[in-house]
Every structure is written in C-alpha cells, then in structure tokens.
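> With the input below, show me the fold.
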Amino acid sequence: MTAPVRSPRPSPRPSPRPRPRTSPRPNPRPQPRPAPERSLDLGARLRAPRDVSVDGAQRTVHPWPTRRRSRPGEQRAGQTLVVMVASLALAALVNADALVERAERKPLGADRDRSLAIWHPVQDIAHITQLHRIRQLGEWLVGDEDHGGEVPATPTTRELVPVAPPELRQPTAAAPLRIFVGGDSVVRDAGESLLRLAADDALLTAALHYEIATGLSRPDFFDWPGALVADMVEHEPEVAVIMFGGNDAQGIIAPDGTVLSDVTQPGWKVEYARRVGDVMDSLRASDRLVIWIGQPPMRDRAFDRRIRVLNEVFEEQADDRSWIRYVDSGEVIGDDGRYVTRLPDGAGGTTDDLRQPDGIHLSRAGADRLARHILGIIDREIAAAVAAQ
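Okay, here's the model as predicted:
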C-alpha cells in the first residue's frame, strides 16, 4: 500500500522588508502674517487711501484730501495771517511813543486808563528792544532829527530887582481865586485833578494848558515862553502852577550855536538855567504867586539822575525870586525823594498805584495827592496874607 501523497505546503511568503523607521516630520507652526505697517502720524493714517466697495465695485478712496502744491507766487492763508500779525506788531513797537502820546491826550477816565494799560507795556518793549529808534531814524532821514531847540542868537537878560513877596487876597464866591496850570504831560494829570477839586470849591476857578512832549529845551517844537505870556494875558491868574522837565533832559542849542547834547555836558545846565529864569521872570506880576513844581522821582535810574539835574536848576532859580514857590514833588509822591508806588494815605491805610506803568507819569491817585498839596500851599498863602493885614 502506497503512502498517500501529500500536497506540498505552500512556502510562506516572504514578509516584506521592513522599511526603516524614520522619526515623524514635525508639523511646522504657521507663522503669523506680517501686519501692515501703521504710522504713528494720525494725519498720515487719515490720508492713507482705502479700498471700499461701492455698488459691488471696488474703489480706492482718499478720506483726507491731499495737500496741493502751491503755485509760484501763491501763499497759504495761514502764512498770510502770520505775516499780517507780525507786521502790525512791528508797527506798534516802532510807533509806541506816538501811540502812548495819543492815549495821554484822552480825558481822564476808564477809556484813557485802558489805552495806557495797553500801550505802556508796548512802549516798554519798544524801548528795551530799541525798535522805537527806527522811527527816529526815519525822522532823521527826512531832516526832522532832534538836535535840541534853537534859541535866539542874543539871549534876553533881565536884571533882578528885589520885590516883596506876593500877597494873595481872600477869595469870595463872587470873586473866586483865579488859578492857572501849565506845562507838559506830567502836569496834565495833576492839573486835571486840581481842576476837579477846584470845581467843588466856590472860592476857586482854574484853567489848564498842557502840551504833550514839550518843554523848554525845544522852543522850535513848541514856544512855551511865548505861549505862557499869552496865557497870562488871557486868564490873568493870581496863582500860576507850572511844571516842566519831563521832556527837557535832551540836547539843546546855546545862543552861540553850540550843541549841548547831554545834561552832564559843560554848559548844558547854564543854558537851561537861563531859559528857566527867563520864563520865571515873564510870569512875574503884582500879587501873582507862581508855584513851580519839580519833577517827581523816576523809576529808571539813569533818567532819574538826569531829572535831578533839572530839579536842581528849578530850585536854584526859584530861590532868587520872591514870587516863586518851589515844590519838591519827590517829597509829596516819593519816599524821601525815592521812587515809590505806595504811600500812607494819612488815614491809617495806604495809597496804591501813585504812578502809571511807564514809571514817569502820575496815576489818578498820585495826581490827586499832588493837587491837594498844591491847594494846601495856596490856602496857607491866603491865610498868611490875611493875617498880615
């Protein structure tokens, strides 16, 4: 018996060769897209064009209008405005003295105070920056330069004859005492205060004549000696209150043609004293009292030194004339001759703002204080004359 034939077993399939195991590739992290650059300039962001959809169509719009280039000869409105403002400011500085002078011509009151409050600081800036010299240069170029007032070639001389001091009469309501006030812009303030006080007194009547930016140094600009003679004829004052000097510390011309340009120059004081003496003599009349007021202390030290020279002349010339009473205003609105803006009012308080911001002129309070002092002198003169009768 034969053995059964077995079918051969199929040989096992060879297993596939294993592939080499490799480490899995790392999944790269998505990098953020760079954000569009944004300008910190808000104007640039507003002017940046944007794509918008309008009726289904994409359009690029400019939300902020682009700046148009100026054409030759064109100027932007802002630049024009700046130029106009700068030109007006320069004109104000160049003409500051004239603007202050115009404001001083206004009557005492709120309008004048406001004008001076505006123009006095402008004047201070103009003098600090020397811009006011531009106008002076223009005047020089047209032949209107300031050499000082010319005087007659032959000076007038008067031989002083001793006379008795004037005696004022006792005024009445029917015949009030006649007072005249004359001089430059500094006496204007005190003169207006005196007129206001005299208006409340039936025994007094007063008249005022002032001229801005005048004095005895420039008779070519305004002839005060001749004007005072006419004023005496017109008003026939029994008391003449005179004040000069605010504009006199400048160059003058001697009778021989010598130009004396500064108060410290030899001969200046002699020539000015001659002019002051001539005016004092022209004011002399029977029983007329002349009250000559010296200039007040000035805030600017250099100007104050020049003013003191003038006050010395006034006092020296007054001492030689019995009809003149010299008043040192520094003792009235100053502190022992020093510049101040506040003094005791005599009632336990203080008087503020005695001077205007320019450091030269008197405020209303300072003018009232000086006017009351002048009226006090007149009252004492009347009382002394009455007691002597």
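> Could you give the backbone dihedrals for residue 384?
Dihedral angles of residue 384 (phi, psi; degrees, to the nearest 10) stand at phi -70, psi -40.
> Could you pull up the residues touching the most centrally placed residue in the chain?
The chain has residue 120 as the residue nearest its centroid, 1.8 Å off, counting by CA atoms, centre = their mean. Counting by CB atoms under 8 Å, 6 or more residues apart in numbering, residue 120 makes contact with 100, 356-358. (Each C-beta comes from the backbone N, C-alpha and C, glycine too.)
> any idea which helix or strand carries it?
helix 110-129 (DSSP states H and E).
> mind listing what's buried in that helix?
115-116, 119-120, 122-123, 126-127 (16 or more other CB atoms under 10 Å).
> Mind putting the residues you listed into JSON lines with pLDDT and distance to residue 251?
Formatted as JSON lines, the buried residues of helix 110-129 follow (pLDDT from 0 to 100; distance: CB to CB, whole Å):
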{"residue": "115", "pLDDT": "82", "distance to residue 251": "30"}
{"residue": "116", "pLDDT": "70", "distance to residue 251": "28"}
{"residue": "119", "pLDDT": "78", "distance to residue 251": "26"}
{"residue": "120", "pLDDT": "76", "distance to residue 251": "25"}
{"residue": "122", "pLDDT": "85", "distance to residue 251": "26"}
{"residue": "123", "pLDDT": "77", "distance to residue 251": "21"}
{"residue": "126", "pLDDT": "82", "distance to residue 251": "21"}
{"residue": "127", "pLDDT": "77", "distance to residue 251": "18"}
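> quick check, nearest of those residues to residue 345?
residue 116 (23.0 Å; CB to CB).
> ok, the closest one touching residue 357?
Yes. Judged on CB atoms under 8 Å, residue 116 makes contact with residue 357 at a distance of 7.2 Å.
> Would you map the strands across the stretch 251-389 of the chain?
252-253, 259-260, 289-293, 324-327, 343-344, 350-351 (DSSP state E, counting those that start in this stretch).
> again with the stretch 51-200 of the chain
According to DSSP E, counting those that start in this stretch, the strands that the stretch 51-200 of the chain contains are 57-61, 177-183.
> winner for burial among those strands?
strand 177-183 (a mean of 24; mean count of other CB atoms under 10 Å).
> shaky segments in the stretch 201-350 of the chain?
347-348 (pLDDT under 70).
> Domain-wise, how is this protein divided?
Per the record, the chain has its domains at 79-136, 146-388, by automatic domain parsing.
> from these, which stretch is densest packed?
By mean count of other CB under 10 Å, the domains of the chain have domain 146-388 as the most buried, with a mean of 17.
> Adding distance to residue 51, write the domains of the chain out as TSV.
Shown next, in TSV, are these (distance: least, CB to CB, whole Å):
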stretch	distance to residue 51
domain 79-136	35
domain 146-388	64
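> between the ones you listed, which one is nearest to residue 58?
Of all the domains of the chain, domain 79-136 comes closest under CB to CB, at 39.3 Å.
> All the helices of the stretch 101-250 of the chain, in order from the start?
Under the criterion DSSP state H, counting those that start in this stretch, helices of the stretch 101-250 of the chain are mapped to 110-129, 133-141, 185-199, 224-235.
> so for the shortest one, what's the average pLDDT?
The average pLDDT within helix 133-141 is 77.
> related to what we said a few turns ago, inside helices: which ones of the contacts of residue 120?
residue 100 (DSSP state H).
> so which of the contacts of residue 120 comes closest to residue 370?
residue 356 (13.4 Å).
> So the closest one versus residue 206, what's the distance?
Noted for residue 356: a distance of 22 Å to residue 206, by CB to CB, to the nearest Å.
> lowest-confidence stretch among the strands of the stretch 51-200 of the chain?
The lowest average pLDDT among the strands of the stretch 51-200 of the chain, as it happens, falls on strand 57-61, at a mean of 69.
> Quick check: residue 302 vs residue 308, distance?
11 Å.
> Could you pull out the residues contacting both of these two?
Counting by CB under 8 Å, 6+ apart, nothing touches both residue 302 and residue 308.
> which residues does residue 303 contact?
So, once contact is read as CB under 8 Å, 6+ apart, residue 303 ends up touching 249, 360.
> quick revisit: let me have the buried residues of helix 110-129 in CSV, adding distance to residue 243 as columns.
Below are those laid out as CSV (distance: CB to CB, whole Å):
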residue, distance to residue 243
115, 23
116, 19
119, 23
120, 21
122, 26
123, 21
126, 26
127, 23
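> Show me which of the residues you listed is closest to residue 89.
Of those, the one sitting nearest to residue 89 (CB to CB) turns out to be residue 122, at 8.8 Å.
> Is it correct that the closest one is in contact with residue 93?
Yes. At 6.5 Å, residue 122 and residue 93 qualify as touching, with contact defined as CB under 8 Å.
> Would you check how far apart the closest residue to residue 227 other than its chain neighbours and residue 182 are?
In this structure, residue 227 finds its nearest non-sequential neighbour in residue 209, 7.3 Å apart by CB to CB, 6 or more residues apart in numbering. Distance, residue 209 to residue 182, using CB to CB: 5 Å.
> Check residue 256 too.
For residue 256, the distance to residue 182 - CB to CB - is 29 Å.
> Same check on residue 142?
31 Å.
> what's the answer for residue 301, then?
Residue 301 is 29 Å from residue 182, by CB to CB.
> just residue 263 next, same as before
Taking CB to CB, one finds residue 263 at 23 Å from residue 182.
> what's near enough to touch residue 242?
With CB under 8 Å, 6+ apart, residue 242 has these contacts: 181-183, 187, 228, 279, 283, 290-293.
> With distance to residue 381 added, can I get those residues in JSON lines?
Formatted as JSON lines, the contacts of residue 242 follow (distance: CB to CB, whole Å):
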{"residue": "181", "distance to residue 381": "16"}
{"residue": "182", "distance to residue 381": "19"}
{"residue": "183", "distance to residue 381": "20"}
{"residue": "187", "distance to residue 381": "19"}
{"residue": "228", "distance to residue 381": "21"}
{"residue": "279", "distance to residue 381": "21"}
{"residue": "283", "distance to residue 381": "16"}
{"residue": "290", "distance to residue 381": "11"}
{"residue": "291", "distance to residue 381": "9"}
{"residue": "292", "distance to residue 381": "14"}
{"residue": "293", "distance to residue 381": "15"}
